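1. Please find the sequence and the predicted model below.
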There are 2 protein chains.
Amino acid sequence: MSEFKVIEIKKSVYENNDREAERLRAKLKENKTFLLNLMSSPGSGKTTTLKQTLARLKDEYKIGVMEADIDSDVDAKAISETGAKAIQLHTGGMCHLDAGMTEQGLENIDASSFDFIVLENVGNLVCPAEFDTGASKNAMILSVPEGDDKPLKYPLMFTISDCVLINKIDTKSVFDFDDEAVVERIKKLNPKAEIFFISAKTGEGIDAWCDWLRAQINEWNK
Amino acid sequence: MSEFKVIEIKKSVYENNDREAERLRAKLKENKTFLLNLMSSPGSGKTTTLKQTLARLKDEYKIGVMEADIDSDVDAKAISETGAKAIQLHTGGMCHLDAGMTEQGLENIDASSFDFIVLENVGNLVCPAEFDTGASKNAMILSVPEGDDKPLKYPLMFTISDCVLINKIDTKSVFDFDDEAVVERIKKLNPKAEIFFISAKTGEGIDAWCDWLRAQINEWNK
């Protein structure tokens, strides 16, 4: 049977989040632990994408997953059922994690024993974009049902993400979604963003995303 | 050609939001203006639902729409193209509206000249739930692609909503979504919540939602 801890994280005591994030990032680098901050709207498929990703990378890396949510433990349960180490972070109503809160999670999961840790942030396109968690890289998911206009409405999230996954491409037949328009809007905000079109349900595009991720992890941990 | 104002709203100066919300609500009641606060995740279909709603109610009421977003004016443009009066509120990065910010919008749209005003809140299932805007009623949309587990993860939003619209039911063939489970989860948090299953795309279920809304408006404005 799968087991996972549920951690009630506390509000950070730090006044300068950017400084704490830099400190945390340096510590992760020193310990050769790559931390991915994964963000998106509620229901865009973070957990399903993560399950596909874990299936491909679990034999190469020691992987830990921190699931952040206002409430519930459905995501940590889903991840721990794959055999991966997972913990659930409850934010006590807070809409994002900052560096201090992320560090509380890392201490609880015993970060230094992993090569690769994923922080699945609170489902929200606004607040998580404003707080550096100390992660090595930021990735976000935009799902086809949400619409191709989201970069116009939530520009900061697209600006701070190193990688954008366009998920649920298997549902395109029932939605109006313009691939070219969305890429153009993202690139205008963030010319360096990597963009992958995926279906976490069918597995399409996941290999290319995992190749990118593998390159980031290896570069960080070398 | 459609025209609409874009208002840059400022951070509220009020310390006690609940008190300001009560004051604003009393003023709206006195002026016989019903204010609906419409909330959801990004991309769940607030604007499309609103267009269907306006088409049905525009001959019965004088209606104004306030579109709140971090950035862009795509929603105010879409609404004003229907012939309805719309204004765009930019929150300057803020993830929600409180009563003071709502009041800035109401002053700009000249609230007392309308029977019914809709505030389309920032797309976010977390922060808007924490701030009473002074609205007469709260409604929220959960769309089928987001999944039936959302009441477990974002309980406060479902608790404070008088009405929950389950949107995009036309896409059920490509998603796993359990109608009974979602209703049970919502009712456990909020036994009095009205729940309607709709498709803003096809119009299915919109009449029943408008009947409920009409009853609320008439009760408020009598």
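-> Good, I have the coordinates. The structure displayed is predicted, hence computed values, not measured ones.

2. Let me see the backbone angles for residue A:86.
-> According to degrees, to the nearest 10, the main-chain angles of residue A:86 amount to phi -140, psi 150.

3. Kindly provide the distance from it to chain B.
-> Residue A:86 is 16 Å from chain B, where distance means Cβ to the nearest Cβ, to the nearest Å. The C-beta positions use only the backbone N, C-alpha and C, and glycine is treated the same way.

4. Tell me how many other residues crowd that residue.
-> As a burial measure, residue A:86 scores 28 neighbours (other Cβ atoms under 10 Å in any protein chain shown).

5. and what of the one 5 residues further on?
-> The local packing count at residue A:91 equals 20, with neighbours defined by other Cβ under 10 Å.

6. What pLDDT does the model give it?
-> At residue A:91 the predicted local confidence, pLDDT, stands at 90.

7. quick one, what contacts residue A:19?
-> Counting by Cβ atoms under 8 Å, 6 or more residues apart in numbering or on different chains, residue A:19 makes contact with nothing.

8. Which residue ranges of chain A form helices?
-> For chain A, the helices identified by DSSP state H occupy A:17-30, A:46-57, A:74-80, A:99-109, A:150-153, A:155-160, A:179-189, A:206-221, in order along the chain.

9. Write out the residues of chain A neighbouring chain B.
-> Within reach of chain B by Cβ under 8 Å from any Cβ of the partner chain, chain A has these residues: A:41-44, A:69-72, A:74, A:93, A:95, A:122-127, A:130, A:143, A:145-147, A:149-150, A:152-156, A:168, A:170-171, A:173-175.

10. Mean pLDDT added to the helices of chain A, as CSV?
-> Listed next are the helices of chain A as CSV, based on pLDDT from 0 to 100:
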stretch, mean pLDDT
helix A:17-30, 97
helix A:46-57, 97
helix A:74-80, 93
helix A:99-109, 96
helix A:150-153, 95
helix A:155-160, 97
helix A:179-189, 98
helix A:206-221, 98
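
11. Comparing these, which comes out most buried?
-> Between the helices of chain A, helix A:150-153 has the highest mean count of neighbours, a mean of 23, where neighbours are mean count of other Cβ atoms under 10 Å in any protein chain shown.

12. and the spatially most central residue of chain A, what is it in contact with?
-> Taking Cα atoms, centre = their mean, the centroid of chain A lies closest to residue A:38, which sits 1.0 Å from it. Residue A:38 is in contact with A:46, A:49, A:50, A:118, A:119, A:120, A:121, A:139, A:140, A:141, counting by Cβ under 8 Å, 6+ apart.

13. try it again with 6 Å
-> When contacts are counted by Cβ atoms under 6 Å, 6 or more residues apart in numbering or on different chains, residue A:38 touches A:46, A:118, A:120, A:139.

14. Same question for residue A:89.
-> Residues touching residue A:89, when contacts are defined by Cβ under 6 Å, 6+ apart, comprise A:7, A:9, A:66, A:68, A:105.

15. Specify which member of these is nearest to chain B.
-> The nearest member of the contacts of residue A:89 to chain B, counting by Cβ to the nearest Cβ, is residue A:68 at 10.4 Å.

16. list the contacts for the residue nearest to residue A:123 when sequence neighbours are not counted?
-> Using Cβ to Cβ, 6 or more residues apart in numbering or on different chains and skipping residues adjacent in sequence, the residue nearest residue A:123 is residue A:42, 3.5 Å away. Residue A:42 is in contact with A:123, B:41, B:125, B:146, B:150, counting by Cβ under 6 Å, 6+ apart.

17. sorry, back to before: nearest to residue B:81, of the helices of chain A?
-> helix A:150-153 (16.6 Å; Cβ to Cβ).

18. what's next to the closest one, contact-wise?
-> Counting by Cβ under 6 Å, 6+ apart, helix A:150-153 makes contact with A:142, A:158, A:185, A:186, A:189, B:42, B:69, B:72, B:74, all of which sit outside it.

19. Okay, buried residues for stretch A:66-76 please.
-> Of the residues in stretch A:66-76, those buried by neighbour count under the rule 16 or more other Cβ atoms under 10 Å in any protein chain shown are A:66, A:67, A:68, A:69, A:70, A:71, A:72, A:73, A:74, A:75, A:76.

20. Just name the closest of those residues to chain B, please.
-> Nearest to chain B among the buried residues of stretch A:66-76, counting by Cβ to the nearest Cβ, is residue A:72 at 4.0 Å.

21. Quick check: the gap between the closest residue to the closest one other than its chain neighbours and residue B:125.
-> With sequence-adjacent residues excluded and distances taken as Cβ to Cβ, 6+ apart, residue A:72 is closest to residue B:152, at 4.0 Å. According to Cβ to Cβ, to the nearest Å, residue B:152 and residue B:125 sit 12 Å apart.

22. what does residue A:3 give?
-> Separation of residue A:3 from residue B:125 (Cβ to Cβ): 28 Å.

23. for residue A:155, same thing?
-> Using Cβ to Cβ, one gets 20 Å for the distance from residue A:155 to residue B:125.

24. and if you look at residue A:58?
-> For residue A:58, the distance to residue B:125 under the criterion Cβ to Cβ works out to 31 Å.

25. among the contacts of residue A:42, which are in strands?
-> Judged by DSSP state E, the contacts of residue A:42 include no members of strands.

26. Output those in TSV, with distance to residue A:196 appended to each entry.
-> Compiled in TSV, the contacts of residue A:42 are given as follows (distance: Cβ to Cβ, whole Å):
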residue	distance to residue A:196
A:123	20
B:41	22
B:125	25
B:146	21
B:150	25
